[in-house]
Each structure stands twice: as C-alpha cells, then as structure tokens.
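*Asks:* all I have is the shape, not the residue letters:
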C-alpha cells in the first residue's frame with residue numbers, strides 16, 4: 001500500500017497527469033460514489049481531455065454499482081459499499097465496460113452522517129486498475145466538512161492515477 005497524499009497543487013497534478021497519459025496514449029475511466037462525479041469534472045477541466053478521458057460512472061447507490069459496474073450483490077452485502085472489495089470490483093467493472101486502459105474507483109463516507117465505529121465519516125477507499133496489469137487499493141480517513149472530504153478524495157485519486165502512469169502499479 002502506498003501513501004498517495006502529497007502537497008502538489010491540483011493544477012500541477014492535472015497537468016502532469018495529462019502529459020503522462022498522452023505519452024502513453026492511454027484512456028482513463030472513473031467509477032465514483034462519494035465524489036459524485038467530481039473526479040471526472042476535475043479531469044475534464046483540462047483542454048483536450050477528450051483525447052484521453054474515456055468516461056465516468058457515478059454510481060452512488062448500490063443498485064447502480066451492480067447494474068453499471070457489475071459489483072456483486074454478495075460483495076455489497078458482506079463488505080458494504082465502502083470497502084476494498086467493492087472499489088476493486090468498481091475499478092475492474094469500469095474497465096470491462098469501456099475501451100479505457102486505466103481506471104480509478106472511489107467509494108467513501110463524506111458525511112456528515114453515515115459513519116459507524118468501523119467506518120467513521122471520512123473513510124474513503126480507492127482502487128486503480130490497469131487493463132493490462134494489476135489493481136492497487138488504498139484507504140484513507142479524511143477530516144473536515146463533507147466538501148473537504150470529497151475534495152481530498154479527488155486529490156488522492158488523481159495522485160494515484162499519476163503513480164500508475166509512472167509505473168507504480
């Protein structure tokens with residue numbers, strides 16, 4: 001497991017990501033829950049994103065995760081939507097439904113409610129998966145208001161994409 005948190009600005013991170021993905025001639029797909037499409041929005045803020053951004057899935061409900069990304073009902077029942085198992089299935093499902101080379105999945109509890117002792121508010125799981133490679137999974141606990149948790153999750157997801165493009169996965 002890697003520590004994806006870094007102090008790099010989002011603009012710098014996005015520009016580096018764009019350059020790396022263009023060099024590799026890859027396409028990226030997102031599978032989001034708690035970030036509600038914010039990750040796809042951040043990626044598509046860059047001019048020319050259509051050359052490397054394939055698509056984004058916003059699967060907020062468990063039913064959407066099952067229908068759109070083939071997350072197994074048993075996975076959701078046994079581990080919950082905010083789990084290593086679920087984000088792995090989300091990341092792999094996004095790749096299976098697109099022509100993308102790299103996926104990122106995010107599922108968490110942004111708050112202010114919804115947390116438990118086992119999964120407190122701010123718990124977020126991430127998975128990055130390559131079409132021709134492995135999957136890396138990471139979990140963090142963020143602090144702050146709902147918006148802050150979501151923004152921090154977007155930054156970690158972007159940092160993980162960059163690490164994957166740099167060969168860390």
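*Replies:* Received, thanks. The model shown is predicted, which means the values in this text are computed figures rather than measured ones.

*Asks:* wouldn't residue 144 be in contact with residue 152 here?
*Replies:* Yes - with contacts counted by CB atoms under 8 Å, residue 144 reaches residue 152, the gap being 7.3 Å. C-beta coordinates here come from the backbone N, C-alpha and C atoms, glycine included.

*Asks:* quick one, which of the two is more surrounded?
*Replies:* Shown here are residue 144 and residue 152; by other CB atoms under 10 Å, residue 152 has more neighbours (21 against 14).

*Asks:* check contacts around that one.
*Replies:* 124, 140, 142, 144 (CB atoms under 8 Å, 6 or more residues apart in numbering).

*Asks:* and the residues you listed, which of them are buried?
*Replies:* Applying 16 or more other CB atoms under 10 Å to the contacts of residue 152, the neighbour count classes 124, 140, 142 as buried.

*Asks:* for the first one, give me the pLDDT.
*Replies:* Same thing as residue 124. At residue 124, the model reports a pLDDT of 98.

*Asks:* could you grab the helix/strand/coil label for residue 64?
*Replies:* The assignment at residue 64 comes out as helix when based on DSSP: H, G, I helix; E, B strand; the rest coil.

*Asks:* now the helix or strand where residue 76 lies: buried residues?
*Replies:* For residue 76, the host element (DSSP states H and E) is helix 73-79. With burial defined by 16+ other CB under 10 Å, the residues of helix 73-79 counted as buried are 75, 76.
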